[in-house]
Every structure is written in C-alpha cells, then in structure tokens.
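Chemist: this is the structure alone, sequence omitted:
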C-alpha cells in the first residue's frame, strides 16, 4: 500500500445538482480508495474565476489530481468510479468493502 498523499482539486460551477453530485461522488471514491491519504479542495469557478482561468478549466465539474505527478484531469459528475480511478491513475484499494 502506498503512503503517498494525493492532492485533488474539484472545480464546480456553483451549487447545481451536477456540481453537488460530483462532490459527493469524489468524496465517496476517495474514502473508498484513498482513506486518510488525500486532500480535496473544492473550488467554485463562479466565486473564484481566476483559479479556473489559471488551471485552464473549460468545463465544470473538472477534477484535477495535482499530486503525485503527473497531473491528471477528469471531467463530468465523476459517477463512473472505475473511469475516475483509471483516468487519474489512482490506486484501486477498497477500504470499505460492501
């Protein structure tokens, strides 16, 4: 098991249902696979347009794995857990078996 911490940023567009679902989905994924090993920052692009511009966000929700390198992006509501794990190169470790 890796001891690396994962730094993630989720860019959302206000409190829309799609944005709130993306937050819920990534929190669930992180708790299942990165429990205790991640930092998640949620950034509202309406409240912080400069952050969105600086990160070259063209659609929301967008999740960026900042570290460990390389940086990776996933766009959408993050409902497909396997796709999110694969796209972001996150470890598949289930800390909460169903």
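Modeler: In hand now; what should we look at? Note that the structure is predicted; figures quoted are calculated from it, not measured. Residues are numbered from 1 along each chain as shown.
Chemist: can we go C-alpha only for contacts and neighbour counts from here?
Modeler: Will do.
Chemist: need the nearest residue in space to the spatially most central residue of the chain, chain neighbours excluded.
Modeler: Nearest residue to the geometric centre of the chain (Cα atoms, centre = their mean): residue 63, 4.0 Å. Nearest non-adjacent residue to residue 63, counting by Cα to Cα, 6 or more residues apart in numbering: residue 10, 4.3 Å away.
Chemist: wait, the residue nearest to the centre of the chain touches residue 8, no?
Modeler: Yes - Residue 63 lies in contact with residue 8 (Cα atoms under 8 Å); the separation is 7.0 Å.
Chemist: the helix or strand where residue 64 lies packs against which elements?
Modeler: Element membership of residue 64 [criterion: DSSP states H and E] is strand 62-67. If you count contacts as 3 or more Cα pairs under 8 Å, 6 or more residues apart in numbering; DSSP states H and E, strand 62-67 packs onto strand 6-12, strand 72-75.
Chemist: chain neighbours aside, what residue packs nearest to residue 26?
Modeler: Residue 26 sits nearest to residue 78 (Cα to Cα, 6+ apart), 6.5 Å away.
Chemist: equivalent analysis for residue 51, please.
Modeler: Once flanking residues are discounted, residue 51 sits nearest to residue 45: 7.1 Å by Cα to Cα, 6+ apart.
Chemist: cheers, nothing more for now.
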